[in-house]
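> next comes the sequence, and after it the predicted model I'd like to discuss.
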Amino acid sequence: MKRALQIGFYGLLGTLVVAALAFKIFQPVQVVPRIRLSPGFALVTQDGGRITNEDLRGKFVVFNFTYTNCEAPCGYMDNTILAIQSRLDEINLGDIELLFVTISFDPKTDTPEKLKAYADSLGADPDQWIFATTEDQVLLKAIIGAGFEAYYNQNEDGTFTFDPKFVLVDGWGIVRGEYRYQTQVPDTDRILRHIQVLSDEVQNSTGSASLAYEAAHYFLCYTP
């Protein structure tokens, strides 16, 4: 009897291992990882309004962090967002809203008026691309530095040294993608692909299919 139980146990264990390997190799469901919770925040927008993380629930958001007096690489970052916007017809978002939020870490210069002028110079649609900041420097550091894990530091000449970065956040406020670069534009194709994979998950992970997505997150994201 004991022998039979041991055989049954090891047989079940072997089946689970084979299933896990098959899931990792064949990837019947594609997912992007759940990295961590994004930070809470309350910011002032280019229109002088207020936006919080709760206002973005149920939406996909691509965040980036910069300041309007920046030259390179900030132009690359703006161009990346413009490129993503111009190619949204290549992906299927269903009825999910996608927003872009650019947070300035130079609130002394980047007043709402300055942010609005900058947004207008880019032709940014205020309904889809929001520029925001807060005068509370401690809070700003907590949001960008600790929450989004994007480094920045002001230099003596008033310029900033910072880590150019995009962060993709889902409708539950969970970080699902991070895209860094120094001298070259991040792969726009990669960002668009991740948005599509995330959209597929939201639209398809209902009922019994949700179990497959949870398995995918476990096997593809949390196992070595």
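Sure thing, it's come through.

> partners of I103 in the sheet?
F65, A132 (DSSP bridges).

> now do it against E149, distance only.
The gap separating I103 from E149 is 13 Å, by CB to CB, to the nearest Å. Quick note: C-beta positions are derived from backbone N, CA and C, even for glycine.

> quick one: which of those two has more around it?
Using other CB atoms under 10 Å as the criterion, I103 and E149 rank with I103 on top: 23 against 15.

> I figured that one hits L139, correct?
No. Judged on CB atoms under 8 Å, I103 makes no contact with L139 at a distance of 11.3 Å.

> mind listing what I35 touches?
With contact taken as CB atoms under 8 Å, 6 or more residues apart in numbering, I35 is in contact with I174, V175, R176, G177, E178.

> how many other residues sit next to the third one?
So that's R176. R176: 22 surrounding residues under other CB under 10 Å.

> where does it land in three-state SS?
strand (DSSP: H, G, I helix; E, B strand; the rest coil).

> from the chain's centre, how far out does the helix or strand harbouring I84 sit?
Secondary-structure element containing I84, defined by DSSP states H and E: helix 74-86. A distance of 15 Å separates the centroid of the chain from that of helix 74-86, by CA atoms, centre = their mean, to the nearest Å.

> coming back round to it: now list the buried members of the contacts of I35.
If you count burial by 16 or more other CB atoms under 10 Å, the buried members of the contacts of I35 come out as V175, R176, G177, E178.

> now the two most distant members of those residues.
Distances among these were taken as CB to CB; the most separated pair is R176 and E178, at 8.8 Å.

> so what sits against both of those two?
Overlap of the contact sets of R176 and E178 (by CB under 8 Å, 6+ apart) consists of I35, L168.

> alpha carbons only: can I get the helix holding I84 in CSV?
Taking C-alpha atoms only, helix 74-86 is exported to CSV below (Å, rounded to 0.1, in the frame of the first residue of the first chain):
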residue,chain,number,x,y,z
CYS,A,74,13.6,64.0,-24.1
GLY,A,75,12.9,64.5,-27.7
TYR,A,76,13.3,60.8,-28.3
MET,A,77,10.8,60.1,-25.5
ASP,A,78,8.2,62.5,-27.0
ASN,A,79,8.8,60.9,-30.5
THR,A,80,8.2,57.4,-29.0
ILE,A,81,4.8,58.4,-27.6
LEU,A,82,3.9,60.0,-30.9
ALA,A,83,5.0,56.9,-32.8
ILE,A,84,2.9,54.6,-30.5
GLN,A,85,-0.1,56.9,-31.0
SER,A,86,0.3,56.9,-34.8
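
> mind listing what's buried along it?
Within helix 74-86, the residues that count as buried by 16+ other CB under 10 Å are C74, M77, D78, T80, I81, L82, I84, Q85.
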